[in-house]
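Return a 3D structure for these sequence lines:
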Amino acid sequence: MKFYKLILFLFLLTFGTTAFAQSSAQLKRKKEALQREINLLQKNLTKTASSKKLTESEIRALNTKINLMQDKIGVINSEIRNLDGQIHENTNAVLSLKEQLAQLKKEYAAMIRFAQRNQNAYDKMMFIFAAKDFNQAYKRVKYLQQFSQYRKKQADYINGTQKNLSYKIVVLDKSLKEKSNLLKEQESEKEKLGKNKSEQSKVLNKYSQQERKYSRDIAARKKQQAKIDRDIRNAIQREIALAKRRAEEAARAAAAKARAENKAAPEAPTAAAKTNSGYLNATPEAAKLSAAFINNRGSLPWPVASGSITERFGRHKVDQANIDQNGVKIATAAGAAVRAVFNGKVTTVNTSMGKYYVLIKHGEYFTVYQNLASVSVSVGQEVSTKQTIGVVSGSDGVPEIDFQIWRGASPQNPEAWISK
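Purely as a prediction, here's the structure:
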């Protein structure tokens with residue numbers, strides 16, 4: 001019975017260690033990913049540091065970098081808590097194994113003493129012949145055989161427990177050293193964070209002064225963005241109107257054909273078919289593409305290979321004014337390729353103040369890619385997932401793309417659609 005309890009204990013111990021290891025590996029991958037984002041933002045900020053004129057994109061990049069550094073410290077704290085759990089479990093395991101080892105050695109010593117007292121072959125024979133009948137004699141023979149086998153098994157259990165104890169002690173020492181390194185890393189990251197927050201305060205103060213100095217430029221940029229937003233809405237509305245006209249023409253053609261062939265007129269479109277989604281999904285191809293797009297919600301690729309979200313979707317304050325952001329801004333590397341996030345058709349390629357934006361239709365869904373230095377697609381062109389459609393512009397501060405997803409005329413939060 002004790003043997004089975006030992007096996008169960010070792011199984012639970014191994015399983016628990018594996019679970020901790022998996023969690024630790026996930027935390028390390030997350031920490032490395034955060035550090036890559038921090039490095040990318042720092043690289044961009046270093047390039048723009050020589051500029052006398054700060055931009056909103058630089059402020060967003062600096063704020064995002066600080067948030068990422070705080071997230072990294074949070075991950076390090078989780079790693080430390082994870083290690084504390086491992087250390088506690090392994091400490092208990094070492095104590096338990098030591099107790100089991102002491103008990104096994106005690107039992108083994110008792111068996112050795114018994115074996116020494118009865119090691120004489122004559123004594124063994126007398127023990128067998130002293131049986132009252134043949135059946136009892138047979139049982140005594142089997143007992144002596146099993147006793148010998150059990151003694152060997154106990155010796156194996158002792159060796160196995162000693163090896164496991166040694167291994168657990170090594171793991172415990174490694175965990176303690178790793179925790180020490182993490183605590184040092186935590187202190188280093190907190191120091192860096194403090195310096196960056198100090199830098200942030202200086203930059204914001206400087207930007208506040210520049211904002212008054214360059215108020216006309218700031219107002220012009222906001223006016224330009226408002227115009228682009230209107231153009232995008234108008235472009236989507238044109239696509240909806242075009243789809244509606246085609247659906248109505250198809251319905252009239254079907255009715256005319258039925259009359260010419262003296263057949264019953266086709267059923268009138270339902271209320272659902274007369275919505276924007278109904279018009280945009282009027283053809284089987286469009287409906288299939290829309291369904292495929294929906295099925296990839298949460299797993300669409302990013303419009304750039306690497307980057308960080310520096311401004312999120314929805315209403316928030318920028319420069320003391322409420323801004324309705326129809327998408328997200330993603331800071332990326334200078335000259336980064338911008339990619340289509342799904343199969344679709346280019347419906348709009350336009351330019352404003354020397355920068356391009358592209359609108360791609362995916363059934364009833366649309367994706368928008370703003371702030372491109374150049375484009376490599378044209379209106380009417382079919383594109384595939386991850387196909388390059390242009391290059392991000394970095395002429396005004398940190399290189400970043402404004403990415404949007406629309407369902408008909410309703411903007412969607414891209415973070416709910418792109419891969420985590």
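
Against residue 251, how distant is residue 257?
Distance of residue 257 to residue 251, given as Cβ to Cβ, to the nearest Å: 11 Å. Bear in mind the C-beta positions are built from the backbone N, C-alpha and C, glycine included.

out of those two, which sits in the more crowded spot?
residue 251 (16 against 12; other Cβ atoms under 10 Å).

For that one, give its distance to residue 30.
Counting by Cβ to Cβ, the gap from residue 251 to residue 30 is 53 Å.

Residue 84 too?
Look at residue 84 and residue 30: by Cβ to Cβ, they are 18 Å apart.

mind listing what residue 58 touches?
Residues near residue 58 by Cβ atoms under 8 Å, 6 or more residues apart in numbering: 45, 48, 203, 397-398.

Mind checking which of residue 84 and residue 30 has more residues around it?
More crowded of residue 84 and residue 30, by other Cβ under 10 Å: residue 30, with 16 against 12.

what helix or strand is the more buried one on?
Assigned by DSSP states H and E, residue 30 falls within helix 2-48.

after that helix, next one along is what?
Tracing the chain C-terminally past helix 2-48 and defining elements by DSSP H and E, one meets helix 56-117 next.

Show me the helices in the chain, by range?
Per DSSP state H, the chain carries helices over the ranges 2-48, 56-117, 121-129, 134-213, 215-260, 276-280, 284-295.

Make CSV out of these and add mean pLDDT.
Putting the helices of the chain into CSV (pLDDT from 0 to 100) gives the following:
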stretch, mean pLDDT
helix 2-48, 65
helix 56-117, 78
helix 121-129, 52
helix 134-213, 73
helix 215-260, 81
helix 276-280, 84
helix 284-295, 94
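
I figured residue 203 was touching residue 60, is that so?
No - Residue 203 sits out of contact with residue 60 when judged by Cβ atoms under 8 Å, with a separation of 11.5 Å.

Give me the more crowded residue out of these two.
Neighbours per residue, other Cβ under 10 Å: of residue 203 and residue 60, the larger number sits with residue 60, 21 against 18.

Give the full set of residues in contact with that one.
310-311, 329, 331, 398, 400.

List the contacts of the residue lying closest to residue 364 once chain neighbours are set aside.
Leaving aside its chain neighbours, residue 364 sits nearest to residue 280 (3.8 Å; criterion: Cβ to Cβ, 6 or more residues apart in numbering). Counting by Cβ under 8 Å, 6+ apart, residue 280 touches 239-240, 243, 286, 290, 363-364, 408.

same thing but 10 Å
Residues in contact with residue 280 (Cβ atoms under 10 Å, 6 or more residues apart in numbering) are 236, 239-240, 242-244, 247, 286-287, 289-290, 361-366, 407-408.

any idea how far it is from residue 365?
8 Å.

Which neighbours do the two have in common?
With Cβ under 10 Å, 6+ apart as the test, residue 280 and residue 365 both reach 289-290, 407-408.

Considering those residues, which possesses the most neighbours?
Compared across the shared contacts of residue 280 and residue 365, residue 289 has the highest neighbour count, 22 neighbours, by other Cβ under 10 Å.

Return the residues in contact with that residue.
If you count contacts by Cβ under 10 Å, 6+ apart, then residue 289 has 280-281, 283, 342-345, 361-365 around it.

Now the buried members of those residues.
When neighbours are counted using 16 or more other Cβ atoms under 10 Å, the contacts of residue 289 contain these buried positions: 280-281, 342-345, 361-365.

and of those residues, the nearest to residue 106?
Nearest to residue 106, judged by Cβ to Cβ, of the buried ones among the contacts of residue 289 is residue 342 at 69.5 Å.

Can you name the two of the contacts of residue 60 that sit furthest apart?
Spatial extent of those (Cβ to Cβ) is set by the pair 311 and 398 at 11.4 Å.

what touches both of these two?
Residues touching both residue 311 and residue 398 (Cβ under 10 Å, 6+ apart) are 56-57, 60, 64, 329, 331.

how about those residues in a markdown table, adding distance to residue 173?
A markdown table is the format used below for the shared contacts of residue 311 and residue 398 (distance: Cβ to Cβ, whole Å):
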| residue | distance to residue 173 |
| --- | --- |
| 56 | 51 |
| 57 | 48 |
| 60 | 45 |
| 64 | 39 |
| 329 | 47 |
| 331 | 42 |
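
what would the contacts of residue 60 look like in TSV with distance to residue 88, neighbour count and pLDDT?
Formatted as TSV, these follow (distance: Cβ to Cβ, whole Å; neighbours: other Cβ atoms under 10 Å; pLDDT from 0 to 100):
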residue	distance to residue 88	neighbour count	pLDDT
310	40	24	89
311	42	20	88
329	44	24	92
331	41	30	91
398	44	27	80
400	45	29	90
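
Any chance of TSV for these, columns distance to residue 226?
Converted to TSV, these look like this (distance: Cβ to Cβ, whole Å):
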residue	distance to residue 226
310	20
311	16
329	16
331	22
398	21
400	18
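
Ramachandran angles for residue 387?
Dihedral angles of residue 387 (phi, psi; degrees, to the nearest 10) stand at phi -70, psi 140.

quick one on the thing from earlier: residue 413: which of the contacts of residue 60 is nearest?
Nearest to residue 413 among the contacts of residue 60: residue 311, at 12.4 Å, using Cβ to Cβ.

Okay, and the beta partners of the nearest residue to the closest one once chain neighbours are set aside?
Nearest non-adjacent residue to residue 311, counting by Cβ to Cβ, 6+ apart: residue 329, 3.9 Å away. Residue 329 forms beta bridges with residue 311, residue 402, as assigned by DSSP bridges.

gap between residue 329 and residue 255?
Distance from residue 329 to residue 255, by Cβ to Cβ: 48 Å.

re the thing from before, so which of the contacts of residue 58 comes closest to residue 388?
Nearest to residue 388 out of the contacts of residue 58 is residue 398 (Cβ to Cβ; 20.9 Å).

Please report the distance of the closest one from residue 300.
According to Cβ to Cβ, residue 398 stands 24 Å off from residue 300.

do the same with residue 386
The value you get for residue 386 to residue 300, if Cβ to Cβ is used, is 10 Å.

Test my guess that residue 315 contacts residue 411.
No - the criterion here is Cβ atoms under 10 Å, and residue 315 misses it with residue 411 at 11.5 Å.

Between the two, which contacts overlap?
Residues touching both residue 315 and residue 411 (Cβ under 10 Å, 6+ apart): 324-325.

Same drill for the two, tell me which one is more crowded.
Applying other Cβ under 10 Å to residue 315 and residue 411 shows that residue 411 carries more neighbours, namely 22 against 8.

Quick check: pLDDT value at that one.
pLDDT for residue 411: 93.
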